[in-house]
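Student: heads up, no residue letters with this:
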């Protein structure tokens with residue numbers, strides 16, 4: 001009977017949603033668009049913040065090398081479209 005609780009706890013932990021980090025890369029830090037245009041700047045969705053950051057930094061560097069403009073990026077955790085926020089893409093957390 002004592003083994004049932006740990007087994008149930010492990011089963012529940014295994015059902016949790018994996019993290020999904022969305023990378024947003026803006027090619028010109030002087031011209032970052034509003035939230036209604038954020039989707040156009042998504043370069044990918046990643047399983048970890050580290051993978052998101054590496055991809056975003058690489059894209060910013062490539063853009064800077066080709067255009068001479070300094071860009072910016074942000075990684076958003078579990079981003080979803082929210083009707084209650086005007087249909088915008090909203091993230092649980094954002095990091096650089």
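Tutor: Received, thanks. Owing to the predicted nature of the structure, the values given are computational and were not obtained by experimental measurement.

Student: okay, CA-based contacts and neighbour counts for the rest of this
Tutor: OK.

Student: mind listing the helices for this protein?
Tutor: 4-14, 49-67 (DSSP state H).

Student: straight-line length of stretch 84-96, end to end?
Tutor: 26 Å (C-alpha to C-alpha, to the nearest Å).

Student: what does the average pLDDT come to for that stretch?
Tutor: For stretch 84-96, mean pLDDT is 88.

Student: so how many other residues sit close to residue 32?
Tutor: By other C-alpha atoms under 10 Å, the residues close to residue 32 number 16.

Student: pretty sure it is touching residue 24, no?
Tutor: No. Using C-alpha atoms under 8 Å, residue 32 is not in contact with residue 24; the gap is 10.8 Å.

Student: quick check: bridge partners of the residue nearest the centre of the chain?
Tutor: By C-alpha atoms, centre = their mean, the chain has its centre lying nearest to residue 22, at 2.4 Å. Here residue 22 sits in beta bridges with residue 45, residue 76, going by DSSP bridges.

Student: low pLDDT regions in this protein?
Tutor: Within the chain, the ranges that satisfy pLDDT under 70 run 1-17.

Student: please redo it, this time with the cut-off set to 50
Tutor: 1-13 (pLDDT under 50).

Student: give me the distance between residue 18 and residue 33.
Tutor: 29 Å.

Student: kindly report the same for residue 91.
Tutor: Distance, residue 91 to residue 33, using C-alpha to C-alpha: 17 Å.

Student: next: residue 93.
Tutor: Distance from residue 93 to residue 33, by C-alpha to C-alpha: 19 Å.

Student: residue 39 too?
Tutor: Taking C-alpha to C-alpha, one finds residue 39 at 10 Å from residue 33.

Student: count of neighbours near the nearest residue to residue 63 once chain neighbours are set aside?
Tutor: In space, residue 63 comes closest to residue 27 once its chain neighbours are excluded; the distance is 6.2 Å by C-alpha to C-alpha, 6 or more residues apart in numbering. Using other C-alpha under 10 Å, residue 27 has 22 other residues around it.
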